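Engineer: Build the 3D model from these lines:
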Amino acid sequence: MAKPRSDETETRPAGGGDAARVAVIEGRTALGIELGSTRIKACLVGPEPDTVLATGSHEWENEFVDRMWTYSLDAVWAGVQGAFADLAAEVERLHGVPLRTVGAMGVSAMMHGYLAFDGGDELLVPFRTWRNTTTGPAAAELSPLFGVNIPLRWSVAHLYQAILDEEPHVPQVRFLTTLAGYVHWRLTGRRVLGVGDASGMFPIDPATGGYDETMLERFDTLVADRTGGLRIAELLPQVLTAGQPAGVLTPEGAALLDPSGTLEPGVPLCPPEGDAGTGMVATNAVAPRTGNVSAGTSIFAMVVLERPLQHMHHEIDLVTTPAGDPVAMVHCNNGASELAAWVGLFERFAAAAGSPVPSDTVYETLLREALDGETDAGGLLAYNYLAGEPIADLAEGRPLVVRTPDSRLTLANFVRAQVYGVFGTLSLGMQVLATEGVAVDRMLAHGGIFRTPGVSQRLLAGALAAPVAVGETASEGGAWGMAVLAAYLRDVPGVGLAEYLDGRVFARARFHTVEPAPEDVAGYAAYLERYRSGLATVAAAVEAL
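Structural biologist: Predicted coordinates for the structure are as follows:
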């Protein structure tokens, strides 16, 4: 059994044969690249977007520098080049030809954060990722000003916090973008962003598909006395929707992506998108009343709305699909990384005992053991907070396992508590959506934790008290979703994105749906009640340590 990871996982086996070889030679392909939190992945699909021809990947890790989570730009390009080189090598190995061109391509990455450049296109401060929670004062002031929740992660919160802190670089800022927007800019020379990714920088007006003009004016007025007339609209990337041309690969961009010189310039690019949008595409959850849960280093749920929410909630972000439709997002900074750390501990125990077990087997064994646990995890609580968690009002992370003296400490209960811990904060946000009467016809799940059949999917169904579907593409991840968006540009279908996905991409897909078991629903509800009460323990640990 393949190993569930804390980030996206391997794609389906690549297609082969003479037809695939000809498609590679003729460029009847589409390439997606996604920069995840622990892996950068590349995925090449053929004339049919559901057929994967090759994949490539590169491992990387964020750094904690001067109390900020960051990646260096050198690491960005080393990783992108490494993932592309890995993919190109697989193309040659599987299909016997070099990868000289593709029909279209696109770039996706972790959303939000702060990449600020001056007039000479130089980075002003190290990249501040979504994981940073230093923008509390800014978010607290902007949310009531705009009348919508502005999360700590959003680019506008980072900019305003820098203004509040009187950081010396602020007067020099001439361009703000996300990680996907930055890579796309360097490849094409165009400062653009897909609407889904842009909606995590600044609020989008659903009526126009662009940044909300009223809120732009409010921000400019707010900062006028402190910035000498800064106009935020002049700093932000141009907003594009799925299917719109977003530039072509320049000679400089081709050389940057493929230093070997094999890849030719001129490839059309689709709008760069965020990992939330590519997750929606990868699960065919872009139409109203559909939703998806993506579990990796972070975990988040996306629900496409039929109507606006009635109230502002700090647990809910309002973003969009890549086509611009409004989405309620429950984003949690902490996902499956703490579970992965415990798996590593058990793997090391087996090795130290003289009976080494492959990590894949450790994952499968532990996850299956969870099914034998008590439905409320026997009184155990697990908090996966490696980083701060705004929904839980935690500025910093303190992963904890907590139990009362009368709890039942068994391996099955322990592992079930850890899996419940992955879903705990997400559930708090989903309960808020339930109070708004938000309806979901199907909830699809993807990410490495769902690769062991019948475990995390069943437990998530119990946590959400709703059916959860996992498709054949559950572990393919955002690189494949980005390749599909590139194929959407390549094919010029003349139909909406939802119709394209239904008719062209997922027509042959199979989904396995698990209905919530009543005993799991009741057990998880009891767990969540204790989980909510126990948050005070985590907060105390933050204060004490």
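
Engineer: mind listing the strands for the stretch 51-200 of the chain?
Structural biologist: All strands of the stretch 51-200 of the chain, identified by DSSP state E, counting those that start in this stretch, fall at 52-59, 63-65, 68-70, 105-109, 115-117, 175-177, 192-194.

Engineer: Doesn't Met443 lie inside a strand?
Structural biologist: Yes: per DSSP: H, G, I helix; E, B strand; the rest coil, Met443 lies within a strand segment.

Engineer: Would you mind measuring from it to Val65?
Structural biologist: Distance from Met443 to Val65, counting by C-beta to C-beta, to the nearest Å: 37 Å. Glycine gets a C-beta too; all of them are placed from N, C-alpha and C.

Engineer: Which of those two has more residues huddled nearby?
Structural biologist: Taking neighbours as other C-beta atoms under 10 Å, Met443 and Val65 compare with Met443 leading, 23 against 11.

Engineer: Distance to Ile449 and mean pLDDT for the strands of the stretch 51-200 of the chain - can I get that in CSV?
Structural biologist: Below are those laid out as CSV (distance: least, C-beta to C-beta, whole Å; pLDDT from 0 to 100):
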stretch, distance to Ile449, mean pLDDT
strand 52-59, 18, 96
strand 63-65, 24, 92
strand 68-70, 22, 94
strand 105-109, 20, 98
strand 115-117, 29, 98
strand 175-177, 31, 98
strand 192-194, 26, 98
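
Engineer: out of the ones you listed, deepest packed?
Structural biologist: Stretch with highest mean neighbour count among those: strand 105-109 (a mean of 32; mean count of other C-beta atoms under 10 Å).

Engineer: Any idea how far it is from the middle of the chain?
Structural biologist: The chain centroid and the centroid of strand 105-109 are separated by 13 Å under C-alpha atoms, centre = their mean, to the nearest Å.

Engineer: what residues does that strand touch?
Structural biologist: For strand 105-109, contacts defined as C-beta atoms under 8 Å, 6 or more residues apart in numbering pick out 30-36, 178-180, 183-184, 187, 197, 246, 249, 267-275, 277-278, 478-479, 481-483, 485-486, 489.

Engineer: Around the closest residue to Val65 other than its chain neighbours, how many other residues sit close by?
Structural biologist: The shortest distance from Val65 to any non-neighbouring residue, by C-beta to C-beta, 6 or more residues apart in numbering, is to Pro126 (6.4 Å). The local packing of Pro126 (other C-beta under 10 Å) involves 17 other residues.

Engineer: for the stretch 151-300 of the chain, what are the low-confidence residue spans?
Structural biologist: Residues of the stretch 151-300 of the chain meeting the criterion pLDDT under 70: none.

Engineer: Distance check, the residue nearest to Val65 against Met110.
Structural biologist: Distance from Pro126 to Met110, counting by C-beta to C-beta: 15 Å.

Engineer: quick one: Leu193 and Thr178 touch, right?
Structural biologist: Yes: if you go by C-beta atoms under 8 Å, Leu193 and Thr178 touch, sitting 6.6 Å apart.

Engineer: a helix runs through Leu535, doesn't it?
Structural biologist: Yes: under three-state DSSP, Leu535 falls within a helix.

Engineer: I'd like to know how far the closest residue in space to it that isn't next to it in sequence sits from Gly429.
Structural biologist: Once flanking residues are discounted, Leu535 sits nearest to Ala392: 5.5 Å by C-beta to C-beta, 6+ apart. Distance of Ala392 to Gly429, computed by C-beta to C-beta: 10 Å.

Engineer: Ok, Arg504 next?
Structural biologist: Arg504 sits 32 Å away from Gly429 when distances are taken as C-beta to C-beta.

Engineer: between those two, who's got more neighbours?
Structural biologist: Counting neighbours by other C-beta under 10 Å for Arg504 and for Gly429 shows that Gly429 has the greater number, 22 against 17.

Engineer: Quick check, pLDDT for that one.
Structural biologist: Per-residue confidence at Gly429 stands at 94 (pLDDT).

Engineer: Assign it to one of the three secondary structure states.
Structural biologist: Taken by three-state DSSP, the conformation at Gly429 corresponds to helix.

Engineer: Apart from its chain neighbours, what residue comes closest to it?
Structural biologist: Excluding its sequence neighbours, the residue lying closest to Gly429 (C-beta to C-beta, 6+ apart) is Val330, at 3.2 Å.

Engineer: same question, Cys332
Structural biologist: Nearest to Cys332 is Thr425, by C-beta to C-beta, 6+ apart, at 4.3 Å.

Engineer: surely the one you found meets Glu389?
Structural biologist: Yes: using C-beta under 8 Å, Thr425 makes contact with Glu389 at a distance of 5.8 Å.

Engineer: Find the residues that touch each one of these two.
Structural biologist: Cys332, Asn334.

Engineer: Could you tell me which residues within stretch 512-530 count as buried?
Structural biologist: Residues of stretch 512-530 classed as buried: Val514, Pro516, Asp520, Val521, Gly523, Tyr524, Tyr527, Leu528, Arg530 (neighbour count, 16 or more other C-beta atoms under 10 Å).

Engineer: now stretch 203-223
Structural biologist: So stretch 203-223, judged by 16+ other C-beta under 10 Å, has buried residues Pro203, Ile204, Gly209, Gly210, Tyr211, Asp212, Met215, Leu216, Phe219, Asp220, Leu222, Val223.

Engineer: Between those, which sits nearest Ala469?
Structural biologist: Lowest distance from Ala469 to the buried residues of stretch 203-223 (C-beta to C-beta) belongs to Ile204, with 28.0 Å.

Engineer: who's in contact with the closest residue to the closest one other than its chain neighbours?
Structural biologist: Excluding its sequence neighbours, the residue lying closest to Ile204 (C-beta to C-beta, 6+ apart) is Thr320, at 5.6 Å. Taking C-beta under 8 Å, 6+ apart, we find Thr320 in contact with Val195, Gly196, Ser199, Ile204, Pro206, Pro326, Val327.

Engineer: Highest neighbour count among those?
Structural biologist: Neighbour count (other C-beta under 10 Å) singles out Gly196 as the most crowded of these, with 36 neighbours.

Engineer: Against Leu318, how distant is it?
Structural biologist: Using C-beta to C-beta, Gly196 is found at 12 Å from Leu318.

Engineer: any residues in contact with both of the two?
Structural biologist: When C-beta under 8 Å, 6+ apart defines a contact, the residues bordering Gly196 and Leu318 alike are Val327.

Engineer: now for the host helix or strand of the residue nearest to Cys332, which elements pack on it?
Structural biologist: Following DSSP states H and E, one finds Thr425 within helix 411-435. The contact analysis (3 or more C-beta pairs under 8 Å, 6 or more residues apart in numbering; DSSP states H and E) places helix 411-435 against strand 299-304, strand 326-332, helix 337-352, helix 359-370, strand 380-383, helix 456-464, helix 518-544.

Engineer: For Gly228, find the nearest of the ones you listed.
Structural biologist: Of all the helices and strands packed on helix 411-435, it is strand 326-332 that lies closest to Gly228, at 33.6 Å by C-beta to C-beta.

Engineer: quick one: strands adjacent to that closest one?
Structural biologist: Strand pairing for strand 326-332, determined by DSSP bridges: strand 299-304 (antiparallel), strand 317-320 (antiparallel).

Engineer: tilt between it and helix 411-435?
Structural biologist: 150 degrees (axes from the mean of the first three to the mean of the last three C-alpha atoms, to 10 degrees).
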